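generate coordinates for the sequence data below:
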Amino acid sequence: MKGIRKLIVVCLVILPMASHGQDSAAPTPEPTGETKAGMTLAIKPGENSFFTNMMLNMAEKKMPALTQYLRGMLMSKKEGLELREKLKKEPEDLKLRLKFAGYRKMQTRYGTQADLESDENLLWIIQFHPEAQLTSLWGEMHPSSAEAADQAEKLWAGHFKDQPKAEILCSGSGYYMLNDPAKSQELLKKAEQLDPKNDNVKTARAIFNAQIKNKHMFDENGNLIPYAWQGKPAQILEADLGPSTLSKAPVIHLGPETASKVVLGKVKDAAALSGDLVLVMDKKSLHVHAEVHQDHPPVNKQESNQLWDGDAVEVWISGKPEKGSTHRFQPAAEDYYFVLAPTSKSGKPAFHCERAGEAGVVLTSASTPWGYTLDASIPLDNFKNHSWTPGKRYRFDCALNKAGKKGVRDTKLFWNSESDEAWSSPDLWGQMEISH
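Predicted coordinates for the structure are as follows:
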């Protein structure tokens with residue numbers, strides 16, 4: 001019986017899976033779900049083993065909504081396509097909607113564009129079944145576009161306007177947990193006041209504590225400490241690109257001799273790994289110039305969403321001005337990520353972007369005696385949700401990746417973050433501002 005109870009715990013208290021998939025130990029990691037006890041349930045698309053189904057069957061009575069979502073995550077592409085057709089015939093079926101949400105999450109976790117199909121499905125669930133107990137997976141299901149995010153805000157506001165049920169408050173708490181933990185905590189407290197003995201409320205509190213409170217962001221009175229970043233912001237120059245523009249633009253320097261952070265491997269000196277990054281924005285494009293120093297010629301055997309796993313330059317930049325005090329542990333639709341590699345599986349320079357488009361990108365690279373250079377021009381039309389304005393601050397970070405002897409990344413140097421978890425958490429980024 002102890003073994004069975006342990007399996008139930010694994011299934012019932014599952015926390016969000018990573019949406020990007022970077023892992024310093026493996027070039028192509030498998031997505032996983034982690035429990036509050038630190039146990040892991042591997043989620044592999046298309047895997048419907050007897051053991052996995054047994055766990056989900058046991059979990060279904062306690063957490064039916066969450067179980068349907070997990071079943072969708074396990075679906076193969078063929079099963080997902082069959083589910084899509086079935087959903088067209090039965091659009092009011094919540095179980096099918098939840099399965100489809102899980103399926104689409106696995107299929108689009110490296111997406112570069114807004115996933116309208118997932119957004120429509122999520123908005124339907126929020127509108128008609130906000131009580132669905134998806135725990136913190138509500139946060140994983142955030143809309144992929146700014147327009148859908150605005151609609152979701154309005155739907156939740158409508159549910160919260162009158163005195164809602166504790167289950168709806170718990171769902172709202174899960175939805176805001178990763179992008180607005182202060183609001184998440186407020187909703188959870190209201191649920192606890194309304195129905196303190198409710199099992200859903202107790203589960204929501206346990207997950208909130210595991211996800212947020214354990215991040216040591218609360219004072220002695222239990223109040224959330226506001227987000228605050230005290231560093232000097234990086235500068236992006238707003239100017240027409242000309243022959244001398246890059247030489248006049250502010251330089252973002254990454255090196256072991258500065259405040260840059262080595263989050264993976266070791267960097268002996270600036271010759272082993274360091275670099276200068278310059279960003280210039282004109283009316284049509286964002287221009288990126290990088291000069292990287294390292295102790296071997298460029299190496300990158302990857303492509304597309306795995307380009308980070310070799311010699312590469314990574315950039316994270318938000319398209320919305322900094323609010324000043326809100327913690328954010330998950331990228332929103334306007335938090336862009338792109339990676340530039342001096343070479344790739346094809347033998348040519350390569351570019352990949354998430355939560356934005358890749359149309360019209362021009363990328364060149366050259367080997368140098370000390371490493372390599374990169375130059376990219378990214379049309380601003382690819383960043384659909386941005387509102388970049390001179391004088392305002394935006395969350396920002398960048399990093400240099402270096403391949404080791406096996407040809408995959410073994411060293412990483414961040415400009416601001418002290419942890420590689422920054423790839424999925426804007427809370428760990430620094431800030432930048434646009435100057436003339």
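
how about the helices of the stretch 101-250 of the chain, start to end?
116-128, 137-140, 146-161, 166-176, 181-194, 199-211, 245-248 (DSSP state H, counting those that start in this stretch).

mean confidence for the third one?
The one in question is helix 146-161. Averaging pLDDT along helix 146-161 gives 91.

contacts for it?
The contact list for helix 146-161 (CB atoms under 8 Å, 6 or more residues apart in numbering) reads 114, 116, 119-120, 122-123, 126-127, 130, 142-143, 168-169, 172, 175, 187, 332-334, 384-385. Using the backbone N, CA and C atoms, a C-beta is placed for each residue, glycine as well.

pLDDT weak spots in the stretch 1-150 of the chain?
Where the stretch 1-150 of the chain drops to pLDDT under 70, the residues are 1-61, 108-114, 135-136.

give me that answer again for 50
1-21, 23-43 (pLDDT under 50).

so how far does stretch 348-361 reach from one end to the other?
14 Å (CA to CA, to the nearest Å).

quick one: it to chain centroid distance?
Here the centre of stretch 348-361 is set off from its chain's centre by 17 Å, with CA atoms, centre = their mean, to the nearest Å.

got a pLDDT number for the residue most central in space within the chain?
Among the residues of the chain, the one closest to the centroid is residue 424, at 3.7 Å (CA atoms, centre = their mean). If you check residue 424, the pLDDT there is 86.

ok, it touching residue 332?
No: using CB atoms under 8 Å, residue 424 is not in contact with residue 332; the gap is 11.9 Å.

tally of neighbours for residue 369?
The burial count assigned to residue 369 is 6, neighbours taken as other CB atoms under 10 Å.

er, residue 271 I mean
13.

how near is it to residue 256?
Applying CB to CB, to the nearest Å, the value for residue 271 to residue 256 is 10 Å.

next, format the helices of the stretch 101-250 of the chain as a markdown table and append mean neighbour count and distance to residue 300.
Shown next, in a markdown table, are the helices of the stretch 101-250 of the chain (neighbours: other CB atoms under 10 Å; distance: least, CB to CB, whole Å):
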| stretch | mean neighbour count | distance to residue 300 |
| --- | --- | --- |
| helix 116-128 | 18 | 30 |
| helix 137-140 | 26 | 30 |
| helix 146-161 | 16 | 32 |
| helix 166-176 | 25 | 38 |
| helix 181-194 | 20 | 36 |
| helix 199-211 | 19 | 34 |
| helix 245-248 | 13 | 24 |
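
between those helices, which one is closest to residue 226.
Proximity of the helices of the stretch 101-250 of the chain to residue 226 was assessed by CB to CB; the nearest stretch is helix 181-194, lying at 7.8 Å.

show me what the closest one is packed against.
Other helices and strands packing on helix 181-194, by 3 or more CB pairs under 8 Å, 6 or more residues apart in numbering; DSSP states H and E, are helix 166-176, helix 199-211.

helices or strands up against the shortest one?
So that's helix 166-176. helix 137-140, helix 146-161, helix 181-194, helix 199-211.

what are the contacting residues of that helix?
Residues from elsewhere that reach helix 166-176, judged by CB under 8 Å, 6+ apart: 126, 130-139, 141-142, 152, 156, 159-160, 183-185, 187-188, 190-191, 194-195, 198, 200-201, 203-204, 207-208.

same check on stretch 381-394?
Outside stretch 381-394, the residues within contact range by CB under 8 Å, 6+ apart are 114, 145-146, 233, 238, 281, 286, 317-322, 333-334, 336, 353, 356-361, 380, 431-436.

now with 7 Å, please.
By CB atoms under 7 Å, 6 or more residues apart in numbering, the residues outside stretch 381-394 that reach it are 146, 233, 238, 281, 317-322, 333-334, 336, 353, 356-359, 431-436.

compare the helices of the stretch 101-250 of the chain and report which one is nearest to residue 82.
Nearest of the helices of the stretch 101-250 of the chain (CB to CB): helix 116-128, 15.2 Å.

give me the helices and strands touching that closest one, please.
helix 94-107, helix 146-161 (3 or more CB pairs under 7 Å, 6 or more residues apart in numbering; DSSP states H and E).

that helix versus helix 166-176: what angle between them?
On the basis of axes from the mean of the first three to the mean of the last three CA atoms, to 10 degrees, helix 116-128 is oriented at 150 degrees to helix 166-176.

pull stretch 93-105 out as PDB, backbone CA atoms only.
Output in PDB follows, covering the C-alpha atoms of stretch 93-105 (Å, rounded to 0.1, in the frame of the first residue of the first chain):
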ATOM      1  CA  ASP A  93     -16.500  18.500 -24.000                       C
ATOM      2  CA  LEU A  94     -14.200  19.700 -21.200                       C
ATOM      3  CA  LYS A  95     -12.200  16.500 -21.000                       C
ATOM      4  CA  LEU A  96     -11.400  16.800 -24.700                       C
ATOM      5  CA  ARG A  97     -10.400  20.500 -24.200                       C
ATOM      6  CA  LEU A  98      -8.100  19.600 -21.400                       C
ATOM      7  CA  LYS A  99      -6.400  16.800 -23.300                       C
ATOM      8  CA  PHE A 100      -6.000  19.100 -26.300                       C
ATOM      9  CA  ALA A 101      -4.400  21.700 -24.100                       C
ATOM     10  CA  GLY A 102      -1.800  19.200 -22.900                       C
ATOM     11  CA  TYR A 103      -1.200  17.900 -26.400                       C
ATOM     12  CA  ARG A 104      -0.600  21.300 -27.800                       C
ATOM     13  CA  LYS A 105       1.700  22.200 -24.900                       C
END
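
count the residues that sit near residue 265.
Residue 265 has 16 nearby residues by other CB under 10 Å.

let me redo that: residue 82
12.

list the buried ones in the helix or strand that contains it?
Per DSSP states H and E: residue 82 is located in helix 77-89. Burial within helix 77-89, assessed by neighbour count using 16 or more other CB atoms under 10 Å, is assigned to 79-80, 83, 87.

phi first, then psi, for residue 432.
phi -140, psi 160 (degrees, to the nearest 10).

what would the helices of the stretch 101-250 of the chain look like in JSON lines with distance to residue 345?
Rendered in JSON lines, the data for these read as follows (distance: least, CB to CB, whole Å):
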{"stretch": "helix 116-128", "distance to residue 345": "29"}
{"stretch": "helix 137-140", "distance to residue 345": "30"}
{"stretch": "helix 146-161", "distance to residue 345": "33"}
{"stretch": "helix 166-176", "distance to residue 345": "38"}
{"stretch": "helix 181-194", "distance to residue 345": "39"}
{"stretch": "helix 199-211", "distance to residue 345": "36"}
{"stretch": "helix 245-248", "distance to residue 345": "29"}
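
compare those helices and give me the one nearest residue 98.
Going by CB to CB, the one of those nearest residue 98 is helix 116-128, 7.2 Å.

list the contacts of the closest one.
With contact meaning CB under 7 Å, 6+ apart, helix 116-128 is reached by 97, 100-101, 104, 108, 132, 141, 143-145, 148, 151-152, 155-156.
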